[in-house]
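Trainee: how would this look folded up:
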Amino acid sequence: YVLIQIGILIWIIVRPYTMIYVVHQQNMNPSIVTAKISAILLSFNAILMIILMLKRTITLVRSSYLRYVLPVGYHIDFHRWIGRYILVLAFIHALSHMIDFAIIKTRMCFLF
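Mentor: Predicted coordinates for the structure are as follows:
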């Protein structure tokens, strides 16, 4: 799980010409990059959080060979942990946008 999160983070930083940068190609300050990273991680974790509570999916994993690879018995605890992580990511995402809006407002004040 941690390696997937790090992989997503590296993919966002290394590939600057993906769809997330289309809007802000000229003004890529660190707060926008942080907001985009947290948004992608939020999306991934929200999907994973829902998948962890699908009863038929968990039953399918328990009845297959994946039960030896994945710790299916801890899926509820992992669901709770991801919920807390989503809360932290949402806070980082909102804070990054607030910082960006402050930067934009400061730039606009200098124009007039």
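
Trainee: Starting from Gly83, give me the distance back to the closest residue to Leu9 other than its chain neighbours.
Mentor: Spatially, and ignoring its direct neighbours in sequence, Leu9 is nearest to Ile37 (6.2 Å; Cβ to Cβ, 6 or more residues apart in numbering). C-beta here means a position set from N, CA and C on the backbone, and glycine is covered the same way. Using Cβ to Cβ, to the nearest Å, we find Ile37 at a distance of 19 Å from Gly83.

Trainee: neighbour-wise, which of these two wins?
Mentor: Between Ile37 and Gly83, Ile37 has the larger neighbour count (other Cβ atoms under 10 Å), namely 19 against 13.

Trainee: right, and that one touches Ile12 too?
Mentor: Yes: between Ile37 and Ile12 there is a contact under Cβ atoms under 8 Å: 5.3 Å.

Trainee: so how far is the longest helix along the chain off the chain centroid?
Mentor: Using DSSP state H, we find that the single longest helix of the chain is helix 75-111. Helix 75-111 sits 10 Å away from the centroid of its parent chain (Cα atoms, centre = their mean, to the nearest Å).
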